[in-house]
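[1] Sharing a model that was predicted from the sequence below.
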Protein chains: 2
Amino acid sequence: MRVLGVVVEYNPFHFGHLHHLREAIDLVKPDYVIAVMSGNFCQRGEPAIINKFARAEIALRMGIDVVFELPTVYAVQDAGGFALGSVGVLHKTNVVTDIVFGSESGDLCFLQKVARLLTYQTPEFQRSFKMHLKMGYSYPNARKYALMDVLSSEVEKLSKSNDILGIEYIKSLIHYGSKIEPHVIRRVGADDNDETLRGKFSSASAIRKAIREGKFEESMEAIPPVTFEILNREFNAGRGPVFWKDLSFVIPTFRKMSRSDFQKIYSFNEGLDLRFYEASRTTGDLQQFVEFVKAKRFTYSRIRRAILHAFFGFEKEMVEESNKNGPQYLRLLGFTNRGREILKEIKKKATIPIVSTPSLVENVIEDALKRTKEGKRNFQINPELFRWQLQKDLLASDIYTFMYPDKSQAVAGMDFREPVFIEH
Amino acid sequence: MRVLGVVVEYNPFHFGHLHHLREAIDLVKPDYVIAVMSGNFCQRGEPAIINKFARAEIALRMGIDVVFELPTVYAVQDAGGFALGSVGVLHKTNVVTDIVFGSESGDLCFLQKVARLLTYQTPEFQRSFKMHLKMGYSYPNARKYALMDVLSSEVEKLSKSNDILGIEYIKSLIHYGSKIEPHVIRRVGADDNDETLRGKFSSASAIRKAIREGKFEESMEAIPPVTFEILNREFNAGRGPVFWKDLSFVIPTFRKMSRSDFQKIYSFNEGLDLRFYEASRTTGDLQQFVEFVKAKRFTYSRIRRAILHAFFGFEKEMVEESNKNGPQYLRLLGFTNRGREILKEIKKKATIPIVSTPSLVENVIEDALKRTKEGKRNFQINPELFRWQLQKDLLASDIYTFMYPDKSQAVAGMDFREPVFIEH
């Protein structure tokens, strides 16, 4: 039995995603496809355009059998943390056999070589990395230039976001000692950050930008009818579109925080605490806030993610624990008829419990602790970490719904519902 | 030497205020007039329409000699706490000889009788008060009906907001053992809560409503040219008008709070914690939030104030300490040429220190502690309470500026400037 795992955000699902999914299926010829998907906040540090259940529904109708949520603590981390979480979910199902991800270079061997180099860092690499950090380069760039020194050639492959992420996926597979087989497929169509609509293969950024500018119809060419239908349904219900600029309510809360409050939060190093402290006191506009914080070593994505870390209260220790131990549960957002079959397998084989609805979570933890004690199949959870990760997912949803355009729809507790089920 | 003290909000200063001020001056014939004024948030639990320095400037140009800020912890409490703070400031200057306040009944003897009754509560009164609370009446109403039982006649005088506040002023004078002589003058013109413009004597609520509805010009008749000039200046600079609805950013923060977090906050009793917890999870709209919380025993003002208590972090213990010990400093917002003379007297005689700019506050505290030890003239501060009260004032300002219409003007640190000085 082959089970394909994919890591997605589907923000929103477009023809590029569909193309990628079909290619992956052609390559692996799986019996089942499992997606691990960002929840209500994405890796760019932004809220998703529509909520996670609506996005899961699209995914299920477009060919995914089971959708698990990537816990928020991973979804809004840099490539390294994002990969540890998403590969962790797929690995801990204990049924996924293959993972396919996009790559600009399409060169798996090269990515594996780099991943090994980064995992088993040579002193030569470390020296160069530190030197470039000192020169003021951002983390990704310092790493890139250090690799340039060590690898000398082929380095232009390392400037592309999918390749960088691919390396992190492979590193995560090494981290978990996973037997999942990685595959790459070449990316087609628009660059992730290309904000211009380019017909059928437009980027998700371009589609979101069109929606932001009130030109939703113009993006129709780039999205399947199912996406169009669900987006429309959500927009008409007042539950979207949700935009990053609606997060400006973080600023008054930041004004209540001292520098040392910021220092307790993950990703607040290299002086980011001082910049946040000062920026929050300098403007009430979120874009101006980000521009104030911006520096060579702080990319826009990192700043946007740090905003979420601080508002959600992602303390350093718990994020580091999360990265070390991986996800503590498989949060089920939805499944199809076919998905139900593989879910039965997962229930038997997974090394962490499935959470279908958080209202039953104390039973799930109790049961999981019993199984942890029995020690079968490496089943293992840390109940404190489990609760923390799940509470942060619930909080993220409650903050997310506050941003709904129709404030009477902005109800908390979105998570306490049944997963989406699609009969097909 | 006679020094008149008045308690004001001037939100904004209108002809009713001017009339009241002139009558008070006619009555007392003071050498100096000192006002204690709410800062950036007022007793109705709302942000002021323009900031405290701009409002202080108007007051100084309209006949006040010195303006002190009522510390926020008192400014956003019910009548009892508001009076303890404002009378505390006037009393602790140790120069104020007379206090004049408006009254619907105009019957000082009656108000004093009630104040004494409430201070030295008879068992008869206590029984009736508790019974009415149990029946579901709000605090002010339960108190009113208990007094009805005890006083039997004259009770209709107790339904008016100025009389209720007047009783609290007298209670506060008793609390501090103050020798300040109280006087009342009959209120003329509009009721405080009358939101309809009524020519020259319109209420501040009506003026704010006109501004909210974009009909600022229509309120011109009700405000002196100085108020019009300063309001215009502030509005044109993007620093106003500031409206209550702009406070909706509190909701995502409330979604981060548990019931027990709310229970630690002042004024969260009688089940208000549960209502806040649930309301914050039910809507993203502030007005809907308030309607959800509303109950017979929770007035709108109380709910609005509780929103500020929770967001500012007014813990029960510190508010109770504040009410017991009174204000810890005289926060100088502005003064005139004449005011400078009486400020010299205050500097010599006051029992708490003057704070001109918070940047020097550690020196002020050190000096004050020295004088506390020397024990001259009852000089006394509690440094912990001093810092807490002042920090909450600074925080309130930083939250206030975030609500400026022009977000690039929404800079924090408003307090770190010199007091307003008016040469006249």
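    It's in.
[2] now the end-to-end length of stretch A:374-382.
    By Cα to Cα, to the nearest Å, the extent of stretch A:374-382 from end to end equals 14 Å.
[3] ok, residues contacting that stretch?
    Stretch A:374-382 is contacted from outside by A:94, A:321, A:325, A:328-329, A:349-353, A:365, A:368-369, A:371-372, using Cβ atoms under 8 Å, 6 or more residues apart in numbering or on different chains. Placement of C-beta: from N, CA and C, glycine included.
[4] Which among those residues count as buried?
    Among the contacts of stretch A:374-382, the ones that count as buried by 16 or more other Cβ atoms under 10 Å in any protein chain shown are A:94, A:321, A:325, A:328-329, A:350-353, A:365, A:368-369, A:371-372.
[5] my guess is residue A:13 is in a helix, correct?
    No: under DSSP: H, G, I helix; E, B strand; the rest coil, residue A:13 falls outside any helix and is assigned coil.
[6] What does it show for phi and psi?
    phi -60, psi 130 (degrees, to the nearest 10).
[7] measure it to chain B for me?
    From residue A:13 across to chain B, the span is 26 Å (Cβ to the nearest Cβ, to the nearest Å).
[8] same question, residue A:26
    Distance, residue A:26 to chain B, by Cβ to the nearest Cβ: 44 Å.
[9] How about the contacts made by the residue nearest in space to the middle of chain A?
    By Cα atoms, centre = their mean, chain A has its centre lying nearest to residue A:75, at 3.1 Å. By Cβ under 8 Å, 6+ apart, residue A:75 lies in contact with A:38-39, A:41-43, A:82, A:85.
[10] Now, those that are in strands?
    Using DSSP state E, residue A:38 are the members of these that sit in strands.
[11] ok, the contacts of residue A:75 vs residue B:195, which is closest?
    Ranked by distance to residue B:195 (Cβ to Cβ), the contacts of residue A:75 are led by residue A:41 at 41.4 Å.
[12] Without its sequence neighbours, what residue ends up closest to that closest one?
    Spatially, and ignoring its direct neighbours in sequence, residue A:41 is nearest to residue A:76 (5.2 Å; Cβ to Cβ, 6 or more residues apart in numbering or on different chains).
[13] Chain neighbours aside, what residue packs nearest to the residue of the stretch 1-150 of chain A found nearest chain B?
    In the stretch 1-150 of chain A, the residue that lies nearest chain B is residue A:47 (11.8 Å; Cβ to the nearest Cβ). Closest residue to residue A:47 apart from its sequence neighbours, by Cβ to Cβ, 6+ apart: residue A:242 at 4.7 Å.
[14] thinking again about what came up before, the residue nearest to residue A:41 is in contact with residue A:307, isn't it?
    No: the criterion here is Cβ atoms under 8 Å, and residue A:76 misses it with residue A:307 at 9.4 Å.
[15] Settle it for me: which of these two has more neighbours?
    residue A:76 (32 against 25; other Cβ atoms under 10 Å in any protein chain shown).
[16] Can you check which residues contact both of residue A:76 and residue A:307?
    residue A:45.
[17] measure residue A:351 to chain B for me?
    Taking Cβ to the nearest Cβ, one finds residue A:351 at 31 Å from chain B.
[18] Run through the residues of the stretch 201-350 of chain A sitting next to chain B.
    A:248-249, A:251-253, A:255-256, A:280-285, A:288, A:311, A:313 (Cβ under 8 Å from any Cβ of the partner chain).
[19] Tell me which helix or strand the nearest residue to residue A:326 once chain neighbours are set aside sits in.
    Spatial nearest neighbour of residue A:326, excluding adjacent residues (Cβ to Cβ, 6+ apart): residue A:88 at 3.5 Å. Assigned by DSSP states H and E, residue A:88 belongs to helix A:79-93.
[20] residues contacting the closest residue to chain B within the stretch 201-350 of chain A?
    Relative to chain B, the nearest point of the stretch 201-350 of chain A is residue A:284 (2.7 Å; Cβ to the nearest Cβ). Contact analysis of residue A:284 by Cβ under 8 Å, 6+ apart lists A:248, A:251, B:401-404, B:407-410.
[21] and what of residue A:422?
    A:57, A:60-61, A:334-337.
[22] just checking, what packs against the helix ranked longest in chain A?
    The residue-count maximum for a helix in chain A (DSSP state H) belongs to helix A:383-402. The helices and strands touching helix A:383-402, judged by 3 or more Cβ pairs under 8 Å, 6 or more residues apart in numbering or on different chains; DSSP states H and E, are helix A:72-75, helix A:300-312, helix A:316-325, helix A:361-374, helix B:250-254.
[23] can you redo these as TSV with distance to residue A:11?
    Supplementary listing: the helices and strands packed on helix A:383-402 in TSV, determined by distance: least, Cβ to Cβ, whole Å:
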stretch	distance to residue A:11
helix A:72-75	11
helix A:300-312	14
helix A:316-325	22
helix A:361-374	27
helix B:250-254	21
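[24] Can you add distance to residue B:421 and mean pLDDT and give the ones you listed back as TSV?
    Compiled in TSV, the helices and strands packed on helix A:383-402 are given as follows (distance: least, Cβ to Cβ, whole Å; pLDDT from 0 to 100):
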stretch	distance to residue B:421	mean pLDDT
helix A:72-75	52	98
helix A:300-312	39	97
helix A:316-325	48	97
helix A:361-374	61	84
helix B:250-254	35	97
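[25] Need the winner for burial among those helices.
    Per-stretch averages of neighbours, counted by mean count of other Cβ atoms under 10 Å in any protein chain shown, single out helix A:72-75 among these, with a mean of 27.
[26] Distance from that helix to the middle of the chain?
    The chain centroid and the centroid of helix A:72-75 are separated by 6 Å, computed with Cα atoms, centre = their mean, to the nearest Å.
[27] Figure out the length between the terminal residues of stretch A:101-115.
    Start-to-end, stretch A:101-115 (Cα to Cα) is 15 Å.
[28] Run a quick neighbour tally on the closest residue to residue A:194 other than its chain neighbours.
    Residue nearest to residue A:194 in three dimensions, not counting chain neighbours: residue A:203, with 4.9 Å by Cβ to Cβ, 6+ apart. Counted with other Cβ under 10 Å, the neighbours of residue A:203 add up to 21.
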